[in-house]
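> Give me the fold of what follows.
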Amino acid sequence: MKVLHVITGLGVGGAEQQLRLLLRHLPYEADVVTLTNPGTVARAIVREGGRVRNLDMAGNRDLAALPRLTKLIARGRYDVVHTHLYRACLYGRLAARLARVRTIVATEHSLGEARMEGRPLGPGVRGLYLASERLGTTTVAVSPTIAHRLARWGVPERRIQVVPNGVDAAQFAFSAAARTSVRRQLGLPESAFVVGAVGRLAAGKRFHTLIDALAELPDAWLVFAGGGEQEQPLRARAERLGVGARVVFAGECVQDNTSPAGHRPSLAGVLSAVDCLASPSGEEAFGLAVVEGLAAGLPVAYVTCPAIDDLPAGSAPGALRTGRTAAAFTATLDELRRAGRPRLPVPDAVRRYCVTATSAQLVRVYEAAAARAPLPHPAYDPAPDPGAPAPAGPSPAGSPAGSAHTSPTNPR
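Presented below is the predicted three-dimensional model:
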């Protein structure tokens, strides 16, 4: 089987990093086309022996890209075209149909209640998405939360399969040597309590909440691992609140240690260097950064994370659900600082998302789609959508019943 992955861009982001990881584990010959921005992840894929083609698309309405993509797909004689992210799904599904590919799979990485990849979910966005979805064979949701949203949108349940994001837990294992070297590289005091934040620096991630919380934590530091349009506003806010000297922007960090020497630290290195992870986003499709933090043995304070919230209670000791406000994060992070916990064991939740298991699930989706064979249904728990934005929860010492959260002072 020969597979073509079509993705909107290959800068550092959750979907982009996930594609790179999948390429290592899927047992098929595969190529990658990025519509635009062949960035850090594209270079990492090429270093690892992969093939990446940049379509050099000028913008969302660059219709000239469609015949170029169609010709590329037809010449490649691909058995499966797998699209990732909104723009790639629109153009990739149509191009694959025009190239007479029979098996078209799309992964939905970023569907929120009100926004998709930062764009408001107005009638136009929704209509285009649903029209293009009909051109595909199967739509993969990265969590039951997303599967429920797709079904409510009108995607037929028989076309939806859940394949969660995968994690290579071993690459995030704590390293004392990395902790020392990355702290030195980023200018972090050796003994400081350091909070990590991972993700694209976009408004929807609500990272400004952590800067506001830091202003009430005079001895703490904050490290952002990610890049994006909100970097300058975040820097300005930190300076305005008098905490600029304690906020470090590490830039885009690939997951593991494959960057050229002297470049930015890896994400694994940053997670070794920090003492906890904070995720203030009020809307997530999966919550990959939270799972990666748990894989590194960190306690994680978060607002919402379907990867954890969809699991049975007790699956993720150390995952602490907190409220959306800066005050809620201040209280949670201060309690973690005072508790001074060592690294935690890797929880069951992380093992559940082992990339070897999730890639095997995706293989079954490919093969069933190619054979037009039905997969088991329902493809996800038919309970009500657990991913809708939750109200501000109780303090970590009183996590909600039925969740996978624990008190900072009682990791079990």
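> Give the closest residue to residue 286 in space, chain neighbours not counted.
Excluding its sequence neighbours, the residue lying closest to residue 286 (Cβ to Cβ, 6 or more residues apart in numbering) is residue 142, at 4.5 Å. Where C-beta positions appear, they are placed from N, C-alpha and C, glycine not excepted.
> I'd like the distance between the one you found and residue 149.
11 Å (Cβ to Cβ, to the nearest Å).
> Show me which of those two is the more surrounded one.
residue 142 (28 against 22; other Cβ atoms under 10 Å).
> My read is that that one contacts residue 108, right?
Yes. The pair residue 142 / residue 108 is scored as a contact, 6.9 Å apart, by Cβ atoms under 8 Å.
> For those two, list the residues in contact with both.
Common neighbours of residue 142 and residue 108, using Cβ atoms under 8 Å, 6 or more residues apart in numbering, are residue 285.
> so what's residue 229 up against?
Residue 229 neighbours (Cβ under 8 Å, 6+ apart): 201-202.
> Can you tell me the SS state at it?
Under DSSP: H, G, I helix; E, B strand; the rest coil, residue 229 falls in the coil class.
> if I look at it, how far off is residue 201?
Counting by Cβ to Cβ, the gap from residue 229 to residue 201 is 7 Å.
> Equivalent analysis for residue 29, please.
Distance from residue 29 to residue 201, by Cβ to Cβ: 35 Å.
> likewise residue 18?
To residue 201, residue 18 is 19 Å away according to Cβ to Cβ.
> What of residue 100?
41 Å.
> Just the local confidence number for the residue of the chain most remote from its centre, please.
Distance from the centre of the chain peaks at residue 75, with 32.0 Å (Cα atoms, centre = their mean). Looking at residue 75, its pLDDT is 97.
> contacting residues for it?
Counting by Cβ under 8 Å, 6+ apart, there are no residues that residue 75 touches.
> Buried residues in the one helix or strand it maps to, which are they?
Applying DSSP states H and E as the criterion places residue 75 in helix 65-76. By 16 or more other Cβ atoms under 10 Å, the buried positions in helix 65-76 come out as 65-66, 68-70, 72-73, 76.
> Turn these into CSV, columns for distance to residue 236.
Output for the buried residues of helix 65-76, formatted as CSV (distance: Cβ to Cβ, whole Å):
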residue, distance to residue 236
65, 36
66, 40
68, 40
69, 39
70, 45
72, 42
73, 44
76, 46
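> Helices of the stretch 101-250 of the chain, start to end?
With DSSP state H, counting those that start in this stretch, the ranges of helices along the stretch 101-250 of the chain come out as 123-133, 144-153, 176-186, 208-214, 231-240.
> so which of these comes closest to residue 316?
In terms of Cβ to Cβ, the element of these nearest to residue 316 is helix 144-153, at 15.5 Å.
> Distance from stretch 143-159 to the middle of the chain?
19 Å (Cα atoms, centre = their mean, to the nearest Å).
> what about stretch 192-209, start to end distance?
End-to-end distance for stretch 192-209: 20 Å, by Cα to Cα, to the nearest Å.
> Could you give the average pLDDT over it?
Here the average pLDDT along stretch 192-209 is 95.
> now it, how far from the chain's geometric center?
For stretch 192-209, the distance to the chain centre is 14 Å (Cα atoms, centre = their mean).
> now stretch 308-317
The answer for stretch 308-317 is 18 Å, by Cα atoms, centre = their mean.
> What's the end-to-end length of stretch 223-237?
Where stretch 223-237 begins and where it ends lie 15 Å apart, using Cα to Cα.
> is it true that residue 160 touches residue 147?
Yes. Taking Cβ under 8 Å as the definition, residue 160 is a contact partner of residue 147 at 5.2 Å.
> Have a look at the two and say which one is more surrounded.
More crowded of residue 160 and residue 147, by other Cβ under 10 Å: residue 147, with 29 against 23.
> Distance check, the more buried one against residue 107.
12 Å.
> Can you pull the residues that touch both of the two?
What both residue 147 and residue 107 touch, as defined by Cβ under 8 Å, 6+ apart, is the set residue 141.
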